[in-house]
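1. Give me a model of this one.
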Amino acid sequence: MRKSKKVVALLSSGLDSTVNVFEAIKHHHEVVLALTFNYGQRAAVKEIEHSAKIAKHLGIPHKVMDVTWFKDFNKSSLIVEDQAVPTGKDVEIDNLQKSGETAKSVWVPNRNGIFINIAAAYAEALGADAVIPGFNAEEAATFPDNSREFLEQATKSLWYSTANHVTVGCYTAHLNKPDIVRLGQGLKVPWELIWPCYFSGEKWCGECESCQRAKRAFASASINVGHLFKG
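-> Numbers count the residues shown, from 1 in each chain. Purely as a prediction, here's the structure:
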């Protein structure tokens, strides 16, 4: 990401997006807007609640975008109630083939592409020259819209569709989850503010793929967040 003074952040309150917002501020960028999307996902209530808390903690503007029309073209288990989200033993985060299968269940068509384009429009309108999503190398193996290649191509596209040539940059796209946790620890991220879970329960379920990756990452970094998980 080129050096910029104003950025728009995609903030879901998950591990990756939260660390990216903290890192942007560390680099003295002005986060002119943090965007949280309600696309009808099961965790929408908690993602919105926790994103608002993170934005308040950092003193940055926050907006929730209602894009629940995603349901019109979606069969993702994150959205469709009669589809089961893979949990527990159905998830094998170290098995690439199995992860590819579970990824198909939670895949949301063009989600990050749509989010980035909406954020880029706000960036141009607000005089910002970069959009910062939260991606990671670990999930890029099964979710191509988490990859550095996707970031590069998105930037190329926005060169034509934004008058000020908005770029897309991510501080964690080359990192696995444990390294992102370590980065966040150094940034003093209050872990109780994040919401990495696919569900909107009282605590992180600990069973969905996102929770399992988070659980392993925190354990690898020797950070005890057991009280944040259910059970």
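
2. end-to-end on stretch 159-172?
-> End-to-end span of stretch 159-172 (CA to CA, to the nearest Å): 22 Å.

3. Quick check: buried residues in it?
-> Of the residues in stretch 159-172, 162, 166-172 count as buried by neighbour count, 16 or more other CB atoms under 10 Å. From N, CA and C alone the C-beta is placed, and that goes for glycine too.

4. for this protein, which spans come out with low pLDDT?
-> In the predicted model, the chain carries pLDDT under 70 at residues 1-4.

5. Tell me where it has helices.
-> If DSSP state H is used as the criterion, the helices of the chain fall at 15-26, 44-58, 96-106, 111-125, 137-140, 148-161, 177-186, 209-220.

6. from those, which stretch is densest packed?
-> When you average the neighbours per residue for each of the helices of the chain (mean count of other CB atoms under 10 Å), helix 15-26 leads with a mean of 24.

7. now that helix and helix 209-220, what's the angle there?
-> Counting by axes from the mean of the first three to the mean of the last three CA atoms, to 10 degrees, helix 15-26 points 60 degrees away from the direction of helix 209-220.

8. The longest strand along the chain pairs with which strands, parallel or anti?
-> In the chain, assigned by DSSP state E, the strand with the most residues is strand 30-38. Strand partners for strand 30-38, identified by DSSP bridges, are recorded as strand 6-10 (parallel), strand 62-66 (parallel).

9. for the first one, the distance to its chain's centre please.
-> Mean-position distance between strand 6-10 and its chain equals 13 Å (CA atoms, centre = their mean, to the nearest Å).

10. Same question for the last one.
-> Remark: strand 62-66 is offset 14 Å from the chain centroid, using CA atoms, centre = their mean.

11. thought Ser147 was touching Phe135?
-> Yes. Look at Ser147 against Phe135 with CB atoms under 8 Å: they come within range, at 7.3 Å.

12. Thr170: what's its closest spatial neighbour, skipping adjacent residues?
-> Quick fix: residue 170 is Cys, not Thr. Of all residues not flanking Cys170 in the chain, Phe135 sits nearest, at 4.8 Å (CB to CB, 6 or more residues apart in numbering).

13. which residues does the one you found contact?
-> Shown in contact with Phe135 (CB atoms under 8 Å, 6 or more residues apart in numbering): 16, 146-148, 150-151, 170, 172-173.

14. same deal with Trp195?
-> Each residue near Trp195 by CB under 8 Å, 6+ apart is listed here: 12-14, 43, 46-47, 49-51, 204.
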